[in-house]
Structure formats: C-alpha cells, structure tokens
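[1] everything below, folded, please.
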Amino acid sequence: MTPETPFEEIEHTADRAFRVRGRDPGDLFGSAARAIFGVTGAQPDAPVTAVRDVEVSGIDPETLLVNWLNELLYLAEVHGEQYCGFDISSISDTHLRARIYGSSEAAGRRIIKAVTFHGLRLRQMPDGWEATVVVDV
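    Here you go, the predicted model:
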C-alpha cells in the first residue's frame with residue numbers, strides 16, 4: 001500500500017475482501033469508500049457530475065463502517081453513479097457526516113451487493129487505523 005493507493009485487495013475464499021488503512025478514522029473510512037469503488041472497476045478520474053451529502057449512524061465503529069459503505073452502494077445503485085471523492089466532515093464511534101463526489105460516467109464493471117460483517121476487522125495500529133472488509137458480490 002502507498003499513500004496514493006491506501007488499499008489492497010486480498011484473497012478470500014468466498015466473495016471479495018480488501019484491507020484498508022488510514023491515519024485516523026475519517027481517513028480510514030475514506031480509504032474504505034475508495035476501495036469499494038476501486039473493486040468495482042469505477043473510473044476514479046471521471047468528471048464529477050454529482051455531489052451528495054451523506055449521514056449514517058451505527059451502534060459501534062464496525063457497524064458504522066458497514067452502514068457507511070452500504071449507503072454508498074445504495075446511492076450508487078439508485079442514482080446510477082460511482083463515487084471517487086469523500087470529504088468526511090465529522091466522525092465519531094457511532095455517527096458520520098460526509099460529502100461525496102461522483103459521476104454517472106464512472107460506472108464500474110463489477111457489482112457489489114453488500115458489505116458484510118463476516119470477517120470484518122477494525123483496529124487501531126501504532127501508525128493509524130486498519131480495517132479488513134468482506135463484500136458480497
């Protein structure tokens with residue numbers, strides 16, 4: 001992983017999985033969002049044609065991460081968009097507010113049905129945060 005590519009796809013026997021890192025929780029959640037759309041094959045350099053405000057809650061950080069990513073997948077499906085920019089304005093253990101930037105021209109090739117709790121791992125590391133996420137394709 002590099003700062004330019006803060007995620008790497010990892011092998012998983014069922015569905016797909018990836019590991020993401022970030023300096024802090026907001027950076028981690030942004031990296032996870034970029035990973036979701038990177039896994040689908042979305043074009044990250046497509047012109048921005050949509051800006052949306054997103055607010056999600058969860059009972060704990062893990063649930064918040066799953067709810068955040070599933071909300072992005074829902075918005076992508078409903079609006080026929082893919083997202084490449086994620087400005088997280090506030091985040092706590094149970095609540096997140098963000099502005100997302102996307103395009104209908106950035107459509108991905110692979111479909112992700114949902115982000116799952118299976119194999120989910122979120123932890124603080126000495127140099128930041130790391131999460132492992134499994135998605136249902």
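[2] every contact and neighbour count from this point should use C-alpha atoms.
    Will do.
[3] doesn't G102 make contact with T49?
    Yes. T49 is in contact with G102 according to CA atoms under 8 Å; the separation is 6.1 Å.
[4] could you dump stretch 112-121 to PDB, C-alpha only?
    Once non-C-alpha atoms are left out, stretch 112-121 reads as follows in PDB (Å, rounded to 0.1, in the frame of the first residue of the first chain):
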ATOM      1  CA  ILE A 112     -21.100  -5.400  -5.100                       C
ATOM      2  CA  LYS A 113     -24.400  -6.500  -3.500                       C
ATOM      3  CA  ALA A 114     -23.400  -5.600   0.100                       C
ATOM      4  CA  VAL A 115     -20.700  -5.100   2.700                       C
ATOM      5  CA  THR A 116     -20.900  -7.900   5.300                       C
ATOM      6  CA  PHE A 117     -19.900  -8.300   8.900                       C
ATOM      7  CA  HIS A 118     -18.300 -11.600   8.000                       C
ATOM      8  CA  GLY A 119     -14.500 -11.300   8.700                       C
ATOM      9  CA  LEU A 120     -14.900  -7.600   9.500                       C
ATOM     10  CA  ARG A 121     -12.000  -6.300  11.500                       C
END
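[5] tell me which of T49 and G102 has more neighbours.
    Taking neighbours as other CA atoms under 10 Å, T49 and G102 compare with G102 leading, 25 against 13.
[6] so what's that one bridging to?
    A50, Y83 (DSSP bridges).
[7] give the contact list for it.
    P47, V48, T49, A50, V51, E81, Q82, Y83, C84, G85 (CA atoms under 8 Å, 6 or more residues apart in numbering).
[8] please repeat the previous calculation with a cut-off of 7 Å.
    By CA atoms under 7 Å, 6 or more residues apart in numbering, the contact set of G102 is V48, T49, A50, V51, E81, Q82, Y83, C84, G85.
[9] so the second one makes contact with G85?
    It refers to T49. No. T49 is beyond contact range of G85, at 11.5 Å (criterion: CA atoms under 7 Å).
[10] re the thing from before, export the contacts of G102 to TSV and tack on distance to Y74 and pLDDT?
    Putting those into TSV (distance: CA to CA, whole Å; pLDDT from 0 to 100) gives the following:
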residue	distance to Y74	pLDDT
V48	18	92
T49	18	92
A50	15	94
V51	15	97
E81	10	91
Q82	11	91
Y83	12	92
C84	15	90
G85	16	93
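[11] cool, thanks, signing off.
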